[in-house]
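Trainee: predicted structure and sequence below. I'll ask about it afterward.
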Amino acid sequence: MGDFDVSVILDNLPFLLQGLQLSLVLTALAMTGGIVLGTLLALARLSELKPLAVAAGLYIDFFRSLPLILVIFWFYFLVPLVLGRPVGGFYSVLIAFTLFEAAYYAEIIRAGITSVGRGQVAAARALGMTYTQTMHHIVLPQAFRAMVPVLLTQGIILFQDTSLVYVVGLKDFLTSAELIATRDQRLVEMFLFAAALYLVLCFSASQGVRLLQRRLAK
Amino acid sequence: MTYNWNWSILINDPYLGWLVDGLLWTLAVSLAAWVIAFTLGSVLGILRTTPSPTLRTMAATYVEVFRNIPLLVHFFLWYFVFPELLPDAAGMWVKREMPLPAFTTAVVALGLYTASRVCEQVRAGIEAVGSGQRNAGRAMGFTEQQVYRYVLLPVAFRIIVPPMTSEFLTIFKNSSLALTIGVIELTAVTRRIEEYTFQGFEAFTAATVIYSLITFTVMGLMRLIERRSRVPGMISLGSG
């Protein structure tokens, strides 16, 4: 291992950055979709309509009991079957990530909503606000403000999880690195570089979240 | 959607045998990795709370390094990179002669990674016991070691039963990553059945049901243990 070859990293940088771009796009889309769907699930879970609350609870517990890789395989197999035509790995994976992450986001958002005092809800209702108005103007804004750090931390976890698209051969950052590693027989360089890049990105992001958390707590 | 259902595929030879083997590999990887994760994680968690800044920093660095690199990269590092970094003879042994190379690597990678998560739970547990108890112990003439052994740890480990349960469940789910380095565990088996028979629906359903059963069994068991281990007057830490 005396010959650590930096040039293999530099030569393939454009290809690797393209992969990183895919990882980031997937993270952003799945995070947006996951938070939207997660909010709906959290509201359903806290709903006074029993069947709705039970259904949301089942959805959340079901997805949380499965490995992400299995969910990726499921949708990679199911989506083309349901649509009747191939749609490419990206969309299957995006659906899998969104539905999977929604279960995790739902639990975070539920905790956020329940942390808003009951008095707030009672006051809003007493003022004549409807359920939707109460949620929209009173509860959710406060809940999200308190949740931002946790939601972002989950985003960092999601970014790391996107590396699992490797199992269906989608060219994200890690898969790109692996392709070059095996093609050029440069496993040591490529995997250490991949590890270092993830470490730097995720560590900086989590430090950023920590700063934000401190500022919000003031 | 056109699809030819054939549920009997799951009980046919050789697929039923594959599923059973896959489940056994999943259990083996998860349980073996948990031994590493629990032992090392507990030690690291204790180090995170000791008075020594050096030890605290060491444990904190471990946690940051493991938490900020995806688990899949850890698998690749241990499988492909680690043998190259060893002295020639040792590297050769790992690559050529080590028994069950994929399994062993998966256990080590998953165990060391999960240790960083267990560490944070143990630390949170010890901190939840509070500095009052620590000081009281010291005031009574206990050494630092005795404070941990007789005051902090017995309570801390009882408080963290619920979050440790979710870590234990996470290790089962994460063990599926072992398929990337060639361990034919449960998820890999179902993918293979899909590729051989095109009965993906049935195969993935089997895996889904088995993983759910593992989760519900463990949760049921742990709820019993939780009830017996709860510390009166202390709220247990929520699952994280």
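Mentor: Yep, that arrived.
Trainee: quick check: residues of chain B near chain A?
Mentor: Residues of chain B found near chain A (C-beta under 8 Å from any C-beta of the partner chain) are B:1, B:3, B:64-65, B:67-73, B:76-77, B:80-81, B:84-85, B:169, B:172-177, B:179-180, B:187, B:190-191, B:194, B:200-201, B:204, B:207-208, B:211-212, B:214-216. In this view, the C-beta of every residue, glycine as well, is placed from N, C-alpha and C.
Trainee: same thing but 6 Å
Mentor: B:1, B:68-70, B:72-73, B:76-77, B:80-81, B:84-85, B:173, B:176, B:187, B:191, B:200, B:204, B:207, B:211-212, B:215 (C-beta under 6 Å from any C-beta of the partner chain).
Trainee: make a ChimeraX selection of whichever of the residues you listed turn out to be buried.
Mentor: For the buried members of the residues of chain B next to chain A, the matching ChimeraX selection, counting by 16 or more other C-beta atoms under 10 Å in any protein chain shown, is:
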select /B:68,69,70,72,73,76,77,80,81,173,176,187,191,200,204,207,211,215
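Trainee: contact residues of chain A facing chain B?
Mentor: A:1, A:65-67, A:69-70, A:73-74, A:77, A:81-82, A:160, A:163, A:187-188, A:191, A:194-195, A:198-199, A:202-203.
Trainee: which of the residues you listed fall within strands?
Mentor: Assigned to strands by DSSP state E, none of those qualify.
Trainee: so which of those residues sit within helices?
Mentor: A:69-70, A:73-74, A:77, A:81-82, A:160, A:187-188, A:191, A:194-195, A:198-199, A:202-203 (DSSP state H).
Trainee: pLDDT score for residue 57?
Mentor: As the question left the chain open, I've gone with chain A. With respect to pLDDT, A:G57 scores 96.
Trainee: my bad, chain B
Mentor: On the pLDDT scale, B:T57 is placed at 97.
Trainee: same question, A:V209
Mentor: 95.
Trainee: and for B:G233?
Mentor: pLDDT, B:G233: 69.
Trainee: counting by contacts, list what the top helix by length along chain A packs against.
Mentor: Longest helix in chain A, counting residues (DSSP H): helix A:13-45. Counting contacts by 3 or more C-beta pairs under 6 Å, 6 or more residues apart in numbering or on different chains; DSSP states H and E, helix A:13-45 is packed against helix A:50-64, helix A:89-115, helix A:140-161, helix A:173-183.
Trainee: let me know the pLDDT of the residue positioned nearest the centre of chain B.
Mentor: By C-alpha atoms, centre = their mean, chain B has its centre lying nearest to B:I171, at 3.4 Å. Residue-level confidence at B:I171 comes out at 96, pLDDT.
Trainee: just the CA trace of whichever helix or strand it is part of, in CSV.
Mentor: Assigned by DSSP states H and E, B:I171 falls within helix B:161-174. Taking Å, rounded to 0.1, in the frame of the first residue of the first chain, the C-alpha atoms of helix B:161-174 are listed here in CSV:
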residue,chain,number,x,y,z
VAL,B,161,-33.6,-0.2,28.3
PRO,B,162,-36.1,1.4,25.9
PRO,B,163,-33.5,3.2,23.7
MET,B,164,-31.3,0.1,23.7
THR,B,165,-34.2,-1.9,22.5
SER,B,166,-34.4,0.3,19.4
GLU,B,167,-30.7,0.0,18.9
PHE,B,168,-31.0,-3.7,19.1
LEU,B,169,-33.8,-3.6,16.5
THR,B,170,-31.7,-1.3,14.3
ILE,B,171,-28.8,-3.8,14.2
PHE,B,172,-31.2,-6.4,12.7
LYS,B,173,-32.2,-4.0,10.0
ASN,B,174,-28.7,-2.8,9.4
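Trainee: what comes into contact with the lowest-mean-pLDDT helix or strand in chain B?
Mentor: When the helices and strands of chain B are compared on mean pLDDT, DSSP states H and E, helix B:88-92 comes out lowest with a mean of 87. Around helix B:88-92, the neighbours that count as contacts under C-beta atoms under 6 Å, 6 or more residues apart in numbering or on different chains are B:P83.
Trainee: just stretch A:75-90 next, same as before
Mentor: Contacts for stretch A:75-90 (C-beta under 6 Å, 6+ apart): A:92, A:95-96, A:168, A:170, B:1, B:200.
Trainee: spatially central residue in chain A, please.
Mentor: Most central in chain A under C-alpha atoms, centre = their mean is A:L158, positioned 3.7 Å from the mean C-alpha point.
Trainee: got the angle between the longest helix of chain A and helix A:50-64?
Mentor: 150 degrees (axes from the mean of the first three to the mean of the last three C-alpha atoms, to 10 degrees).
Trainee: tell me which residues of helix A:13-45 are tucked away?
Mentor: Buried, per 16+ other C-beta under 10 Å, within helix A:13-45: A:16, A:19-20, A:22-23, A:26-27, A:30-31, A:33-35, A:37-39, A:41-45.
Trainee: confidence score at B:E97?
Mentor: 85.
Trainee: kindly report the same for A:R145.
Mentor: Reported pLDDT for A:R145: 87.
Trainee: so who does the residue nearest to the centre of chain A touch?
Mentor: A:27, A:31, A:101.
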